[in-house]
Each structure stands twice: as structure tokens, then as C-alpha cells.
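Participant: Give me coordinates for this.
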Amino acid sequence: MRLHAVSPRCNFRPTATAPPPPRCQPPPCSSTLALCPRSRRRACPSQNLLQCVGRHGFAPNGLRRYYLNRSQPPLLPQMVAALLAHLDAQREGASAAAAEAGAGTEAAAAALLRMALPLLDTEYDWWMRGGEAGHAVRLAAAPPRPEATLNRYVVIATAPRPESWREDTASVAGLDEAARRQVWAELAACAESGWDFSSRFLAADGAEAAEGGSSEAEPLRTIRTSAVIPVEL
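Facilitator: This next block holds a predicted model:
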């Protein structure tokens, strides 16, 4: 498989709006993450994602069972870092009269680190899995460039995405079964990236679409998300 390193390009076309996730009773937001808006009524997004990592080993692309074959883009470490920065700013801005509140904020930051660091390590290990279905890709040395391990978006899928079943079925109309599965897997991988859909993951201009289809009639048939090394990873 040939891998391509590309920079972000303009979006190709927006995906259909997915229905909202089913309602569930969120766990109470801990004092560690009490800085999140409306924490009394819903759990902090960062806490929810950390709990997902604890349960599944990664942050699923959504909180439904059929999202368990793909991840969210790996932004959870930055989210935790933003929470810590906010807590540090609160502590440093506390006046002498509010020393007790400042100490509480420092304790909250320490508790956040104790909870989050092991889970962030777990998510990192998930993204660094190698192999045909792994997100980590080892590039051989090519002087003057040394050997490197980089990441990609990749999903194992043999059917249309449940949230976009009609669109994915239309995209592969007329293709044989093997070509359909390939396109469906690459569409799901593009959804994992959060760039669904962008021309950055389509084959170069003039490339042929999957056998039995026309790239002009259905450009998404040229999608090859897993063959791209995206700059943001």
C-alpha cells in the first residue's frame, strides 16, 4: 500500500446531518471537573471521553454501539491540558483572602492528573497499534530522512455506516462486493478523522475510481483515507 503525506485542503462536501445520540443519564460531574459549564445537569465532555477510554480503550466516534469500530480524532490530551491550564489560572489568580479556594483548585488539578494520565496512556497505546488495521505506520529510512513511525486513520468496516446508510449505499452503486467493502471502510476512516468529507482523502485528479464506477459521477469512490499520512497526526 502506498502512503501519501498531505496537508489539509478545503472540504469536498458536507455529510448528511446525523440524528442526535440517544439520551442517557450522565454520571455526576466530579469536583475535579466542576469547571465545566452546566456541570450539575450533564457530565463534562472530557470526563465522558475519559470514561469511554477506560471502558473501551479509546474514545469512540460516538456514544452508540455502532461507533465502536472507529475513534474520535485524538484530541483528548489537548482537552485535558486545557482543563489543567484553566485550573492553574484560577489558582494563580486567587487572592490571599481566597487561599483556601486556591488550595482546592490545586487539589482538583492533582486529582485530574491522577485520573487522566493512565487513561491517556491507554488511548496512546491504541493509536500506536501497528499491522494492517493499525493506526501506526512505520516508514523505512530514506536518507537523509531517518526511520519514523507516523499515524493514519483506518477502520475495518464491511457495511455502510449506520448513521449514513443511504448515502454510503448510493456511493457504491454498481460496484462489486470487494470494491464496496473497500469504499465503505475508507468512508468510515474519513469519518474517524472528522474531515468527512474532504478532497484531501480523495485520489489525485485523473485517478480511476473503484472498478465499475466513474470518479466523475461519484468522486467518493476514489477515497483512500487509510493510505494518507495526515499532517495533524
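Participant: quick one, strands of this protein?
Facilitator: With strands called from DSSP state E, the chain shows them at 4-6, 136-139, 148-151, 228-230.
Participant: Hmm, Thr122 is touching Gly54, no?
Facilitator: Yes - between Thr122 and Gly54 a contact is recorded at 7.5 Å, counting by CB atoms under 8 Å. To be clear about C-beta, it is placed using only N, CA and C from the backbone, and glycine gets the same treatment.
Participant: and the biggest helix by length in the chain, what other elements does it pack with?
Facilitator: Counting by DSSP state H, the longest helix found in the chain is helix 99-127. If you count contacts as 3 or more CB pairs under 8 Å, 6 or more residues apart in numbering; DSSP states H and E, helix 99-127 packs onto helix 45-56, helix 76-93.
Participant: mind listing what's buried in stretch 126-135?
Facilitator: Neighbour-count burial for stretch 126-135, counted by 16 or more other CB atoms under 10 Å, picks out 126, 135.
Participant: Show me what it is in contact with.
Facilitator: Stretch 126-135 is contacted from outside by 57-58, 71, 74, 136-138, 149, 151-154, 156, using CB atoms under 8 Å, 6 or more residues apart in numbering.
Participant: What's the end-to-end length of that stretch?
Facilitator: 8 Å (CA to CA, to the nearest Å).
Participant: ok, now how distant is Val154 from Leu75?
Facilitator: To Leu75, Val154 is 18 Å away according to CB to CB, to the nearest Å.
Participant: and if you look at Gly131?
Facilitator: Gly131 sits 24 Å away from Leu75 when distances are taken as CB to CB.
Participant: where does the chain dip in pLDDT?
Facilitator: 1-43, 93-104, 205-217 (pLDDT under 70).
Participant: How is it divided into domains?
Facilitator: Domain assignment for the chain, taken from automatic domain parsing, gives 22-127, 136-230.
Participant: Of these, flag the one that's most buried.
Facilitator: domain 136-230 (a mean of 17; mean count of other CB atoms under 10 Å).
Participant: Now the terminal residues of that one, how far apart.
Facilitator: Terminal residues of domain 136-230 are spaced 12 Å apart (CA to CA).
Participant: shouldn't Pro45 be in contact with Met79?
Facilitator: Yes - counting by CB under 8 Å, Pro45 does reach Met79; the two are 7.3 Å apart.
Participant: give the contact list for Tyr67.
Facilitator: 60-61.
Participant: The one 10 residues further on now?
Facilitator: For Pro77, the contacting residues are 120, 123, by CB under 8 Å, 6+ apart.
Participant: on that earlier part again, max pairwise distance over the contacts of stretch 126-135: which two?
Facilitator: Gly57 and Arg138 (21.4 Å; CB to CB).
Participant: CSV for the strands of the chain, including distance to Leu113?
Facilitator: Formatted as CSV, the strands of the chain follow (distance: least, CB to CB, whole Å):
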stretch, distance to Leu113
strand 4-6, 34
strand 136-139, 26
strand 148-151, 25
strand 228-230, 29
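Participant: Which one of the ones you listed lies nearest to Glu218?
Facilitator: Proximity to Glu218 (CB to CB) singles out strand 228-230 among these, at 19.3 Å.
Participant: Mind giving me the packing neighbours of the closest one?
Facilitator: With contacts taken as 3+ CB pairs under 8 Å, 6+ apart, strand 228-230 sits against strand 4-6, strand 148-151.
Participant: No further queries at this time; thank you.
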